[in-house]
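Colleague: Fold the following, please.
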Amino acid sequence: GNIYETGFYTSPTEVFDSIILTTPMFGTVNSYLVKYDSAGHVLWAKAASDSGYLVEGYCVATDSKGDVFVGGIFNSPTLVLGADTLSTAAGSGIYLAKYDSAGHVLWARAAGDSAVVQPNALAVNKYGSAFIAGYFNAATLTFDTTVLHTYGGLNMFLAAYDSTGHPRWAKCGNDSYSMVTGLATDTSGCVYATGYFDCTTMTLDGVTMPSASGGMQAYMAKMDTAGHLQWCIAAGNGLAQPYGIAVGIHEGDVYITGIFEAAEVFDTTIIYIPGAGGTYVNVFLANYSDLPLQTSNIVKSHSEISLYPNPAHAMLNVVCMDGALSQAAIVDVLGRTIACQAVAVGGGHYAIDVDLLAPGNYCLRAVGGGTTFIKQFTIAKK
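Modeller: Numbers count the residues shown, from 1 in each chain. Predicted structure coming up:
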C-alpha cells in the first residue's frame, strides 16, 4: 500500500526525489506531507507554510477511501489550506486537514487558544470520522463551540470530527499533567487512547485513575463514537510511557507499546531488565483484554442472565438461564478484576456478597454453558 509522511523543515528548500518544496521566507518553519508508493517512490509532496511564521506537521492517518488526514500546529494570524483560511483567537493553535489521494485539500480546521498545544496522535474510523489528541497548557482549548478547561497544568485532549470536518465532541483530563501519545479505532468506530500522566490521579469523564507510584503512570481509555467513556485503566506500576496503541483484528485485544526503566508490572506480569535503570531505557509491548465495560462481544443476549436488585446493596443475585456458572468475576470501571464467590442457591440462581464494595458502577463477567456474559450493575450507597 501507499505510505504517507508528515513533518516540518526549516531549510530554504526540501527535496523529495524530483519534487522541490520551498519556503516563503528565510527562517520560517514549514510542514510537509509526502505520499510514497509501496516501492518507496515519491508520488507527490505538499507544503503548508505562512510567510514569517511556523507550521509543523505532527501526525498523519488515512481512511478506507484513500483520503489522508494531517494534524499539526501553526503560529500565525492565519493559515491557508486549500479553500479554508484558518485562524484562532490567540493567533496560534492546532490544525487538522483532509487531503484526497491526489494531494488536494478537501477541508481544514483549526482549534486552540494558546501556542502551548500539540497534537501527538491521529486516527480515522470506518465512518471517516477523525480523532486528534495530544496535550495543551492554557486556560482553555476551544473546538468550535466546545471549550475545554485546564486544571492547573498540562492536560490531555481528545477531539472528534466527522468526515466533512464538523466538530463532534472534545474531552480533556482533570489533572495537573497528562497527555495522549497514541490513538487507534476498532471495527465499531470506537476510539482508543493511550498516554501517561505525572500526578497522583487522572480523571476522565468522571472516572479517576490512581497512579501506582504517585507520579508517572501509563493509561488507556476507550470511547464510543459519541464520546462516551466505555472504560479507562491505569496500566503498569509507574515509569512506563506508552507511545503506540493498536486493536486486534478480531477485537477483544488491545496492545500498547512504549518505554520503561528497569522493571514494570502489568497486572500480574513483571518485566525486568537485569542491570538496567537510571539512564537506560527499554521497550515494552503489553496485551490487554477489551472487556471491562464492553458489551459488544457478548455471545448471547442479556435476557439469558439477570441481576437483581440493581442497584445492589449488600447482596447481588444472579440468575443464569443456561444453568450452572463455571466462572464469575466483578470488574470495576478502571478495568480491575475483583475476586468474588458466587454461592449456588439452586436452579441457576447464585448470590454474590458485594457488601464491602464501594458504591459505583461495575460489570459482572460470568461464564455459563460455554458462553461469556457481561452485564453492568450499580452498587448504591448503603
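
Colleague: Out of the helices and strands in the chain, which is least certain?
Modeller: Least confident helix or strand of the chain, by mean pLDDT, DSSP states H and E, is strand 269-272 with a mean of 71.

Colleague: could you dump it to CSV, C-alpha only?
Modeller: Presented in CSV, the C-alpha positions along strand 269-272 are these (Å, rounded to 0.1, in the frame of the first residue of the first chain):
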residue,chain,number,x,y,z
THR,A,269,3.1,-9.8,34.6
ILE,A,270,6.5,-8.4,35.7
ILE,A,271,9.1,-7.4,33.1
TYR,A,272,12.6,-6.8,34.3
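
Colleague: Find the nearest non-adjacent residue to residue 145, please.
Modeller: residue 167 (7.8 Å; Cβ to Cβ, 6 or more residues apart in numbering). C-beta: built from backbone N, CA, C; applies to glycine.

Colleague: Look up phi and psi at that neighbour.
Modeller: The phi and psi values for residue 167, taken as degrees, to the nearest 10, are phi -60, psi 140.

Colleague: List the contacts of it.
Modeller: 109, 111, 143-146, 159-161 (Cβ atoms under 8 Å, 6 or more residues apart in numbering).

Colleague: Mind doing that once more with 10 Å?
Modeller: 96, 109, 111, 142-146, 159-161 (Cβ atoms under 10 Å, 6 or more residues apart in numbering).

Colleague: List only buried entries from those residues.
Modeller: 96, 109, 111, 142-143, 146, 159-161 (16 or more other Cβ atoms under 10 Å).

Colleague: Same list, those residues, but as JSON lines with secondary structure please.
Modeller: Shown next, in JSON lines, are the buried ones among the contacts of residue 167 (DSSP: H, G, I helix; E, B strand; the rest coil):
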{"residue": "96", "secondary structure": "strand"}
{"residue": "109", "secondary structure": "strand"}
{"residue": "111", "secondary structure": "strand"}
{"residue": "142", "secondary structure": "strand"}
{"residue": "143", "secondary structure": "strand"}
{"residue": "146", "secondary structure": "strand"}
{"residue": "159", "secondary structure": "strand"}
{"residue": "160", "secondary structure": "strand"}
{"residue": "161", "secondary structure": "strand"}
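
Colleague: just for the stretch 151-300 of the chain, where's the confidence low?
Modeller: Within the stretch 151-300 of the chain, the stretches with pLDDT under 70 are 238, 250-251, 262, 267-268, 272-280, 291-300.

Colleague: Please work out the average pLDDT along the strand or helix carrying residue 8.
Modeller: Per DSSP states H and E, residue 8 falls inside strand 3-9. Averaged over strand 3-9, pLDDT sits at 96.

Colleague: could you say what helices and strands it packs with?
Modeller: When contacts are defined as 3 or more Cβ pairs under 10 Å, 6 or more residues apart in numbering; DSSP states H and E, strand 3-9 sits against strand 13-16, strand 30-36, strand 42-48, strand 54-62, strand 68-75.

Colleague: report the angle between the axes of the third one and strand 68-75?
Modeller: I take that to be strand 42-48. 30 degrees (axes from the mean of the first three to the mean of the last three Cα atoms, to 10 degrees).

Colleague: I'd like the mean pLDDT over strand 42-48, please.
Modeller: Strand 42-48 comes out at a mean pLDDT of 96.

Colleague: cool, and the fourth one?
Modeller: Per-region confidence: strand 54-62 scores 96 on mean pLDDT.

Colleague: could you check the angle strand 68-75 makes with it?
Modeller: Going by the same axes, to 10 degrees, strand 54-62 makes 160 degrees with strand 68-75.

Colleague: Off-centre distance for strand 54-62?
Modeller: 18 Å (Cα atoms, centre = their mean, to the nearest Å).

Colleague: that older thread, what angle do the strand holding residue 8 and strand 68-75 make?
Modeller: 10 degrees.
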